[in-house]
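# got a sequence here, can you model it:
(one chain, ligands or ions: 2)
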Amino acid sequence: MSAVIEDLIARKVFNSRGEETIEVDIVTTSGFGRASAPAGKSRGKSEVVYYPQGGVDQAVKKVEEVVSPEIVGLNANFQEEIDSTLHEVDGSKDFRVIGGNTAFAISVANAEAAANSCGSLLFQHLGGTIAHELPYPLGNTISGGQHTRGRSPDIQEFLVLPHGAESFLEAAATNIKVHRTVGDALGKKDKLFNEGKSDEGAWAANVDNSQALDILAGACEEVSSESGLECGLGIDVAASSLWDSKQRKYVYERENVKRDPAEQLDFILDLVRKYNLVYVEDAFHEEDFKSFEELTKKVKTCLICGDDLFTSNDERLSRGVKMQAANAIIIKVNQVGTLTDALETVEMARKNKYVPVMAHRSGDSCDWHIAHLAVAFKCPVIKTGIVEGARIAKINELIRIEEFLGDRAKMADLKML
Ligand code: 2PG
Ligand code: MG
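Ligands and ions are numbered 1, 2, ... in the order given. You can find the predicted model right below:
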């Protein structure tokens, strides 16, 4: 089926935080694709620049004036050509001219239009017939750090990974039960807890790091013993947000503790041992590859994941691979701008036995494309929240994909846990 691009339309819409974002429609001779861009709050320094000066309005103008004339007339089936055209039109290394989020929305809308033009689903179009593995949902239950205000934990995310689930539906339902059980426990602990939630739908509560972990561990145990299904605990420390480069210490305001890199390593190792953590993201600030390497050497059955550390960027990942700095990498396509860039990083990760973890952003929309990307790129884990509209949009799409695959559907391989 011909998929020549006939029209490219950009508009300003809003994300789940009410921030302005860009949405793109691509119309081909036989199909249509639409995508909108997410936004991070705890961003890595090496991420691309989201928008040109002038923000989303200026980005929309750039699409009309300089991007559209180069893209219209190309064939949407050739994703790499579309993505390299975006790089050429922009001309900078970090998409500062048209905006990384502009590139993201065009790149994803194009893939969707190409899939739609040939009557395929996105995950099949990008992943082919071998794409039939469902990722385990890694879900945020309690928020802290930059994702909340007031008296909340210093660690940004307290996560659950139901790695014993036999289907995606069962895994998603388990996460919802854990989230509910955590909410009930928070209510028992603090009479003033009003079920407030963060951007990602995780609970915003007046607890410290160890109280949050104790509550989550109790909830996981309760849900596991009811269902017989194993759940693991994880954290996203988002340590770049805690790092004070002048003092050379991680500043835990809530705990009123400062830790130098060696103390931070001991602190994380203690948490891994005490709570049997299966997942630790950004335990150190984004330039401290060395501490990541030491942590990875010392733990065996835990995913040590880099988010701000790698920013989905293959050059940074290649540095990490050389140092054996981690064994997992967060993939957020809008950290690099295009699907082709992100796929290169995923391929490098897989070749070097790093687990690619597809992820949402704290400011997101009901755009569900990352559900398809996780399956197409064979990511064994997807981090996309548990409840809240923008998160549920992706969870529900994975339930549909699982149903569509029928007997061919299989949970991904996470044997190391
Ligand atoms: C993270 C993300 C998503 P943000 O740090 O992993 O949870 O946060 O999108 O704010 O960077
Ligand atoms: Mg993170």
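# all helices for the stretch 201-350 of the chain, in order.
209-227, 261-275, 289-298, 314-323, 339-351 (DSSP state H, counting those that start in this stretch).
# check those for me and report the most buried one.
The highest average neighbour count among the helices of the stretch 201-350 of the chain, using mean count of other C-beta atoms under 10 Å, belongs to helix 339-351 at a mean of 21. (Glycine included, C-beta is placed from N, CA and C.)
# show me what that one is packed against.
Packing partners of helix 339-351 (3 or more C-beta pairs under 8 Å, 6 or more residues apart in numbering; DSSP states H and E): helix 79-90, helix 100-117, helix 314-323, strand 328-331, strand 355-359.
# let's see the following helix or strand past the longest one as CSV, backbone CA atoms only.
Put plainly, it is helix 100-117. Next in sequence after helix 100-117, counting helices and strands by DSSP states H and E, comes helix 122-127. The C-alpha coordinates for helix 122-127 follow below in CSV (Å, rounded to 0.1, in the frame of the first residue of the first chain):
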residue,chain,number,x,y,z
LEU,A,122,2.2,-0.2,15.2
PHE,A,123,4.0,-3.0,17.1
GLN,A,124,3.7,-5.3,14.1
HIS,A,125,4.8,-2.7,11.7
LEU,A,126,8.0,-1.9,13.7
GLY,A,127,8.7,-5.3,15.3
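# any idea which of the helices and strands packed on helix 339-351 gets closest to K274?
For the helices and strands packed on helix 339-351, proximity to K274 was assessed by C-beta to C-beta; strand 328-331 is nearest, at 20.8 Å.
# what's the closest one packed up against?
strand 303-306, helix 339-351, strand 355-359.
# quick check: buried residues in that strand?
Using 16 or more other C-beta atoms under 10 Å as the test for burial, strand 328-331 gives A328, I329, I330, I331.
# ok, these vs H147, which is closest?
I330 (15.1 Å).
# OK, contacts around the nearest residue to the closest one once chain neighbours are set aside?
Once flanking residues are discounted, I330 sits nearest to D307: 3.9 Å by C-beta to C-beta, 6 or more residues apart in numbering. D307 sits next to G44, D236, A238, E281, D282, I330, K332, A359 when contact means C-beta atoms under 8 Å, 6 or more residues apart in numbering.
# name every strand pairing with the host helix or strand of I382 and say which way it goes.
Assessed by DSSP H and E, I382 sits inside strand 381-383. The pairing partners recorded for strand 381-383 under DSSP bridges are strand 136-143 (parallel), strand 355-359 (parallel).
# any idea what sits nearest V4, other than its immediate chain neighbours?
T29 (4.9 Å).
# next up, the contacts around that neighbour.
S2, A3, V4, E6, S117.
# in helices, which of those residues appear?
S117 (DSSP state H).
# show me which residues of the stretch 101-250 of the chain sit near ligand 1.
Proximity of the stretch 101-250 of the chain to ligand 1, by C-beta under 6 Å from any ligand atom, involves residues E157, E200, D236, A238.
# mind listing what's buried in the top helix by length along the chain?
Counting by DSSP H, the longest helix found in the chain is helix 168-189. Neighbour counts using 16+ other C-beta under 10 Å place 168-179, 181-183, 185-186 of helix 168-189 among the buried residues.
# point me to the residue of the protein nearest ligand 2.
Evaluated by C-beta to the ion, the chain has D307 as its residue closest to ligand 2, separated by 3.5 Å.
# if we can go back for a sec, could the helices of the stretch 201-350 of the chain be laid out in a markdown table, adding mean pLDDT?
Below are those laid out as a markdown table (pLDDT from 0 to 100):
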| stretch | mean pLDDT |
| --- | --- |
| helix 209-227 | 97 |
| helix 261-275 | 98 |
| helix 289-298 | 98 |
| helix 314-323 | 98 |
| helix 339-351 | 98 |
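# out of those, nearest to T384?
helix 339-351 (15.5 Å).
# now that closest one, how far from the centre of its chain.
Counting by C-alpha atoms, centre = their mean, to the nearest Å, helix 339-351 is centred 15 Å from the centre of its parent chain.
# which outside residues touch that helix?
Applying C-beta under 8 Å, 6+ apart, the external contacts of helix 339-351 come out as 79-80, 83-84, 107-108, 111, 126, 310, 312-314, 317-318, 321, 329, 331, 333, 336, 354-356, 373, 377-379.
# quick one, it and strand 355-359 angle?
150 degrees (axes from the mean of the first three to the mean of the last three C-alpha atoms, to 10 degrees).
# what angle do helix 339-351 and helix 100-117 make?
Helix 339-351 and helix 100-117 are oriented at 90 degrees to each other (the same axes, to 10 degrees).
# just the C-alphas of helix 339-351, formatted as PDB.
What follows is helix 339-351, C-alpha atoms only, in PDB (Å, rounded to 0.1, in the frame of the first residue of the first chain):
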ATOM      1  CA  LEU A 339      12.400   6.400  16.800                       C
ATOM      2  CA  THR A 340      15.500   5.600  14.800                       C
ATOM      3  CA  ASP A 341      17.800   7.200  17.400                       C
ATOM      4  CA  ALA A 342      16.000   5.300  20.200                       C
ATOM      5  CA  LEU A 343      16.000   2.000  18.300                       C
ATOM      6  CA  GLU A 344      19.800   2.300  17.800                       C
ATOM      7  CA  THR A 345      20.200   2.600  21.600                       C
ATOM      8  CA  VAL A 346      17.800  -0.300  22.200                       C
ATOM      9  CA  GLU A 347      19.800  -2.500  19.800                       C
ATOM     10  CA  MET A 348      23.100  -1.600  21.500                       C
ATOM     11  CA  ALA A 349      21.500  -2.400  24.800                       C
ATOM     12  CA  ARG A 350      20.300  -5.800  23.800                       C
ATOM     13  CA  LYS A 351      23.600  -6.700  22.100                       C
END
